[in-house]
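Participant: only geometry, no sequence info:
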């Protein structure tokens, strides 16, 4: 017998959108914008849980562990998206943050909704990833009941991994026991059951916070600048040069030349300038200070580096 999910918040009907098909475009846009604001508020209501998740993730990453997202459908795609953006933004190893989606990477581009019904597939992927005590498995299930996600979380716990569950509904009896639960209750969707809307927005906000602030704790940000970015395309070379110019007062062209000497590594370039040293020595100094730019350059920056 199939589970009745009609009582879940994300499956209820939203009073404000009952006449969606009869609204003008302007009315519908205004209504959706008002509902999107509720997603932001829902995440704000669980900010302590988000902080707890970050405090769970950071020590594991410092030990060489990984953050592995498991999800299906929109939830899985958002995990893959967040993971894929970490290497260019923070110069992380692609293995550090990974997104695993029910049905495999093909499901990123074409829905394979039935794939989410297998807890065994989730457990198998955890085994294939050889999850251990230094890893964090984060299950993302907007509707709360995804068997693929539940299977992954249970197997991760059995293997000694840390576990986080992100859900946008009230607790359900089948929920696995985890270390941290993040539960932004976004409520009924504008289109009933379409969790790519408010629930998806809340999910994206939470994932943004977890990876961004974890990377800050891993010394990949100085002030509010992504100083550990890897310049791999025209946009990032430009951004890297601008960051160097901002922090050193150098003209942009000189900053670009310095960035090239640092092989595209912004932090290395800044240390080279501040300490008047070469690239290799700058890398060594950063390594000595665990990659923390503020310590490698010495006196904290006030009105200039």
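Facilitator: Cool, the structure landed. All of these numbers come straight from a predicted model, not from anything done at the bench.
Participant: Please, where are all the strands along this structure?
Facilitator: Read by DSSP state E, the chain holds these strands, from start to end of the chain: 67-71, 97-101, 136-140, 162-166, 180-182.
Participant: Output those in a markdown table, with mean neighbour count and distance to residue 222 appended to each entry.
Facilitator: C-beta coordinates here come from the backbone N, C-alpha and C atoms, glycine included. Converted to a markdown table, the strands of the chain look like this (neighbours: other CB atoms under 10 Å; distance: least, CB to CB, whole Å):
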| stretch | mean neighbour count | distance to residue 222 |
| --- | --- | --- |
| strand 67-71 | 28 | 22 |
| strand 97-101 | 24 | 21 |
| strand 136-140 | 29 | 25 |
| strand 162-166 | 26 | 28 |
| strand 180-182 | 21 | 28 |
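Participant: and residue 228, which of these is closest to it?
Facilitator: Residue 228 lies closest to strand 97-101 among those, at 14.0 Å (CB to CB).
Participant: The closest one pairs with which strands?
Facilitator: strand 67-71 (parallel) (DSSP bridges).
Participant: if you average pLDDT over the strand it pairs with, what comes out?
Facilitator: Averaging pLDDT along strand 67-71 yields 98.
Participant: What's the separation between the residue nearest in space to the middle of the chain and residue 262?
Facilitator: By CA atoms, centre = their mean, the chain has its centre lying nearest to residue 207, at 3.4 Å. Computed as CB to CB, to the nearest Å, the residue 207 to residue 262 distance reads 30 Å.
Participant: what's the answer for residue 105, then?
Facilitator: Residue 105 is 34 Å from residue 262, by CB to CB.
Participant: do the same with residue 270
Facilitator: 9 Å.
Participant: remind me which residues of the stretch 1-150 of the chain are low pLDDT?
Facilitator: Scanning the stretch 1-150 of the chain for pLDDT under 70 picks out the ranges 1-6, 112-114.
Participant: What segments of the stretch 151-300 of the chain are helices?
Facilitator: Secondary structure of the stretch 151-300 of the chain (DSSP state H, counting those that start in this stretch): helices located at 198-217, 234-248, 252-261, 266-275, 279-288, 293-296.
Participant: what's the first-to-last distance across stretch 64-79?
Facilitator: 20 Å (CA to CA, to the nearest Å).
Participant: ok, back up a step: so what's the residue nearest to the centre of the chain closest to, chain neighbours aside?
Facilitator: residue 82 (4.2 Å; CB to CB, 6 or more residues apart in numbering).
Participant: The one you found is in contact with residue 208, isn't it?
Facilitator: Yes. Counting by CB atoms under 8 Å, residue 82 touches residue 208, with 7.2 Å between them.
Participant: In terms of neighbours, single out the busier of the two.
Facilitator: residue 82 (23 against 14; other CB atoms under 10 Å).
Participant: burial count for residue 171?
Facilitator: Neighbours of residue 171 (other CB under 10 Å): 11.
Participant: Now do the contacts for it.
Facilitator: Contacts of residue 171 were listed using CB atoms under 8 Å, 6 or more residues apart in numbering, and they are 144, 183.
Participant: Roughly how far does it sit from residue 87?
Facilitator: 35 Å.
Participant: And for residue 288, the neighbour number?
Facilitator: 11.
Participant: could we number from 46 for the rest of this?
Facilitator: With the count now opening at 46, the last piece we talked about shows up as residue 333.
Participant: Is residue 112 bridged to anything, and to what?
Facilitator: Applying DSSP bridges, one finds that residue 112 bridges with residue 142, residue 181.
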